[in-house]
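Chemist: Any chance you can model this:
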Amino acid sequence: MHVAVLYARLHIPGARSLKDKRRVVKSVLERARQRYGVAAAEVDDQEARQVAGLGFAFVSGRMGHAREVVEKVLGTLREHPEALLTEHQLDLL
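Modeler: Sure thing, here's the model as predicted:
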């Protein structure tokens, strides 16, 4: 069993309230879950208005597959129109 874990920190410049931020975060998390089948959650900075810390995990029988899936999530985050990826860490277990 192999696990790929991604921590991503996003800056959401258009968020004028926590409600605005949560709309963007919910969209990001749902897209990742549906498109890539990853576990996803907001894990840090829940009360910050324009910053979000997100965690993603994927389990596979092959390390290469687990890494590939999480790297696709990372690519999606980089392309998001309402959020800027400011930091990330990818761990393989």
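
Chemist: For T86, give its distance to V59.
Modeler: In this view, T86 and V59 are 27 Å apart by CB to CB, to the nearest Å. No exception for glycine: its C-beta is placed from N, CA and C like everyone else's.

Chemist: of the two, who's got more company?
Modeler: Neighbour comparison, T86 and V59: the larger count goes to V59, with 16 against 10 (by other CB atoms under 10 Å).

Chemist: and the more buried one, what are its bridge partners?
Modeler: Using DSSP bridges, the bridge partners assigned to V59 are V3.

Chemist: And for E87?
Modeler: Beta-bridge partners of E87, as defined by DSSP bridges: R9.

Chemist: doesn't A8 make contact with it?
Modeler: Yes. Using CB atoms under 8 Å, E87 is in contact with A8, at 7.3 Å.

Chemist: what sits against the residue nearest to the spatial centre of the chain?
Modeler: Centroid-nearest residue in the chain: L54, 4.7 Å away (criterion: CA atoms, centre = their mean). By CB atoms under 8 Å, 6 or more residues apart in numbering, the contact set of L54 is 7-10, 25, 28-29, 40-44, 77.
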